[in-house]
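Enquirer: no sequence for this one, just the structure:
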Ligand SMILES: NC(=O)C1=CN([C@@H]2O[C@H](COP(=O)(O)OP(=O)(O)OC[C@H]3O[C@@H](n4cnc5c(N)ncnc54)[C@H](OP(=O)(O)O)[C@@H]3O)[C@@H](O)[C@H]2O)C=CC1
Ligand SMILES: N[C@@H](C=O)C(=O)O
C-alpha cells in the first residue's frame, strides 16, 4: 500500500523518528531524513538502503532555522515532492515557570511549533497541487493536558494539536490528510533534553520506575503506519496512545 511512496521524517536520528524510518522502509517507502546529528542519519540511511533497497536522502538541518528549512523545501520540490510528512522533531527542556529559563522556552517554541510549521510549509503547497498527501504531526499527551514544569512544552504541543486540526479542515478540499499523534511516555532520548537536573531525574525516575512498562518507539511507529494505511476516505485525525500504567 505504501510501497514506492516517499516520506520525509524530521527528527529521524533517534527515538520515534528513527523507529518510523525503519517501519516505513520495511514497507518499501523511500525516505528523506532530517535531524542535526548527521552521523546518526548516515548510519541509518546506509542500513535501510542495504536492508530494504529503498532510496534514502539526507537533509541535515535544524528545523527551527527558517532559511535552511526553506532550502530543504525547495530541494524536496525539485525532486518531485513527498507523499508523506512525519513532522516529529521535538525537544522537551521542561522546568517550573518560576525558574525563568527563557532561552529554553524559546527553544521549545522554535523547534516544536515553528519547526513543525516550517516543515508543513515546505511540502503542503506541493501536496495541494498534486491533490494528494498525508501530514502526520507528532504532538503529545501534553497536547490535551498539562502538569507541573511542563507549561511551555504542553503549550507547544497544544499548539501543534490546534495547527493539526486547522490544517486538517483546510486540507480536505485538496485531498490531503492530516493526523495528530499524541503519545504518552515513550522510552526515548527525550528526557535527556531536560537541563534542570531535579526535573530530569524526576521524569526519568517516573518513566523508568521498577515494574512500569512504558511505550517503545516502535509502538508509535506502528500507530503512524496504521494512520497511513487506512483507505483514502478515512482520516485518522487524532491518535492518543498511552501506556496502561500512565494515569494522566
Ligand atoms: N518520548 C516521549 O515520551 C514522547 C515524545 N513525544 C514527541 O515525539 C517527538 C519525537 O521525540 P522522541 O523520539 O521521544 O525523542 P528523541 O529525543 O529520541 O528524538 C527527538 C528527535 O528530534 C530531533 N531534533 C531535536 N531538535 C531538533 C532540531 N532543532 N532540529 C532538527 N531535529 C531536531 C533529534 O535529532 P537531533 O538531535 O539529531 O537533531 C531527534 O531525532 C517529539 O516531538 C516529542 O515531543 C510526544 C509524546 C511523548
Ligand atoms: N513523555 C512526555 C512527552 O510528551 C509526556 O508524557 O508528556
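Expert: Sure, I can see it. Here the structure is a predicted model, which means the values were calculated and not measured. Ligands and ions are numbered 1, 2, ... in the order given.
Enquirer: longest single strand anywhere in this protein?
Expert: strand 176-183 (DSSP state E).
Enquirer: tell me what that one is packed against?
Expert: helix 115-130, strand 133-138, helix 151-171, helix 217-228, strand 238-241 (3 or more CB pairs under 8 Å, 6 or more residues apart in numbering; DSSP states H and E). Placement of C-beta: from N, CA and C, glycine included.
Enquirer: what does that strand contact?
Expert: With CB atoms under 8 Å, 6 or more residues apart in numbering as the test, strand 176-183 has contacts from 16, 124, 127-128, 131-141, 143-144, 160-161, 164-165, 167-168, 171, 215, 220, 223-224, 227, 235-242.
Enquirer: and the residue of this structure nearest ligand 2?
Expert: residue 140 (3.4 Å; CB to the nearest ligand atom).
Enquirer: residue contacts, that residue?
Expert: With CB under 8 Å, 6+ apart, residue 140 has these contacts: 153, 154, 157, 160, 182, 183.
Enquirer: which one of those is nearest to ligand 1?
Expert: The closest of these to ligand 1 turns out to be residue 183 (CB to the nearest ligand atom; 3.9 Å).
Enquirer: tell me the bridge partners for that closest one.
Expert: residue 241 (DSSP bridges).
Enquirer: would you mind measuring from it to residue 77?
Expert: 30 Å (CB to CB, to the nearest Å).
Enquirer: next: residue 111.
Expert: Counting by CB to CB - residue 111 and residue 77 are separated by 23 Å.
Enquirer: those two - which one has more neighbours?
Expert: Taking neighbours as other CB atoms under 10 Å, residue 111 and residue 77 compare with residue 111 leading, 22 against 15.
Enquirer: so that one touches residue 69, yeah?
Expert: No. Using CB atoms under 8 Å, residue 111 is not in contact with residue 69; the gap is 11.4 Å.
Enquirer: any shared contact partners between these two?
Expert: residue 63.
Enquirer: tell me which residues touch residue 225, please.
Expert: Residue 225 makes contacts with 23, 24, 27, as judged by CB under 8 Å, 6+ apart.
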